[in-house]
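> For reference, the sequence and a predicted model appear below.
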Amino acid sequence: MTPKTPITIVTGFLGAGKTTLIRHVIENANGRRLALVINEFGDVGVDGAILRSCGIESCPEENIVELTNGCLCCTVADDFIPTLEALLSRSPKPDHIVIETSGLALPKPLLKAFEWPDIRARVTVDGVIAVVDAPAVAAGRFADDPARVQAQREADDSIDHENPLEEVYEDQLLCADLVVLNKSGQLDASDLEIVSADIRAAIPRLVKVISTRDGQVPIDVLLGLKSAAEDDIAARPSHHDAEEGHDHDDFETFIVDVASVGTPAILADRAKQAAADHDVLRIKGFAAVDGKPMRLLLQGVGERVDTRYERPWSATETRTGRLVVIGQKGLDRERIAAILEGRG
């Protein structure tokens, strides 16, 4: 029998560091032929462009497939299965396929796709990796607080107790074979241990939790888990197990085109202001800087914003920036756009 092609699913909340971790994987492939499937929330692919710019032989550009027309777990038949079949038909065939889910995706519905007979016969899920933003979790952004919820109930009977962000985060943990605590250098040892212990307590299986900075995890730790996750789906509980499916009506995304800026700090300050004033979850994209030949990459998680020059602008590109904004439903798009464009 032909050996099954292993697949690694990389999940994690918005801005946790999934793309950074995957870039580390392809830069340290150690002779493996890799293929990537990247699922973005919204119709502008930022992560795919970042990874294509690596120019690394282990993962040629034609082996990087980007799906931007919906969450993979919602478009399995239309998008994911044909994409997987196309990659498996390549010659030479990839040694390993890495799937980066949207930061808003629930991994379990995607995992169920590997129960399809035609797929199950050809691939195996080597492992599900959940990348966690350790400082955000330490700050209590996704943690349950029963006492606080009870106090809210007593104060206002009409309040909506559901927290979709928390459910997404917990579902990603519950499906994982390995949890990577990223950005761990921003926490002291005691806080990091508290986060690790809380995550272990939340998962009803024995799952390894490791700490790292900038996604720097040895390749042989990330690839080669051999979990065959498609065989123990029932052991990975979800908040949505009783549902036929799910949607992303709790979130919205839109695009803002931005003109060239004088310095990276100008754009970073605008992104921080937009996040602070309007509770934006994520801002990411590209921009031009006056007098600079390199394209600026911006990655923002809440009010934490990083910028770096990513690659030269090509001769065929228009030096116009594009930023993707993601948040919970009800964002004031006009005001956020005004801030990012420098009008607010």
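All right, it came through fine. Numbers count the residues shown, from 1 in each chain.
> What is the lengthiest strand in the chain packed up against?
Taking DSSP state E as the criterion, the chain has its longest strand at strand 123-133. The contact analysis (3 or more C-beta pairs under 8 Å, 6 or more residues apart in numbering; DSSP states H and E) places strand 123-133 against strand 5-12, helix 18-27, helix 107-112, helix 164-174, strand 178-182. Every residue, glycine included, has its C-beta placed from N, CA and C.
> Name the surrounding residues that touch the host helix or strand of residue 272.
Assigned by DSSP states H and E, residue 272 belongs to helix 264-278. Contact with helix 264-278 is made by 258, 261, 280, 283, 287, 289, 296, 298, 300, 302-303, 305-307, 321, 323, 325, 327, 331-332, 335-336, 339-340, 342, 344, as judged by C-beta atoms under 8 Å, 6 or more residues apart in numbering.
> residue ranges of the helices in the stretch 101-250 of the chain, please?
107-112, 117-120, 134-138, 146-155, 164-174, 189-202, 219-222 (DSSP state H, counting those that start in this stretch).
> and these, which one's lowest on average pLDDT?
Here the lowest mean pLDDT among the helices of the stretch 101-250 of the chain goes to helix 146-155, at a mean of 48.
> Dead centre of this protein: give me the residue that sits there.
residue 103 (3.7 Å; C-alpha atoms, centre = their mean).
> Flag the shaky bits of the stretch 1-150 of the chain, pLDDT-wise.
Residue ranges of the stretch 1-150 of the chain with pLDDT under 70: 1, 40-79, 142-150.
> Tell me how many other residues crowd residue 296.
By other C-beta atoms under 10 Å, the residues close to residue 296 number 22.
> That one falls within a strand, correct?
Yes - Residue 296 sits within a strand when classified using DSSP: H, G, I helix; E, B strand; the rest coil.
> what residues are up against it?
Contacts for residue 296 were tallied using C-beta under 8 Å, 6+ apart; they are 264, 267, 286-289, 307-310, 321.
> This protein - how does it break down into domains?
The chain is divided into the following domains under automatic domain parsing: 5-235, 251-340.
> To residue 241, which of those lies closest?
domain 5-235 (7.8 Å; C-beta to C-beta).
> Quick one: end-to-end length of the closest one, please.
23 Å (C-alpha to C-alpha, to the nearest Å).
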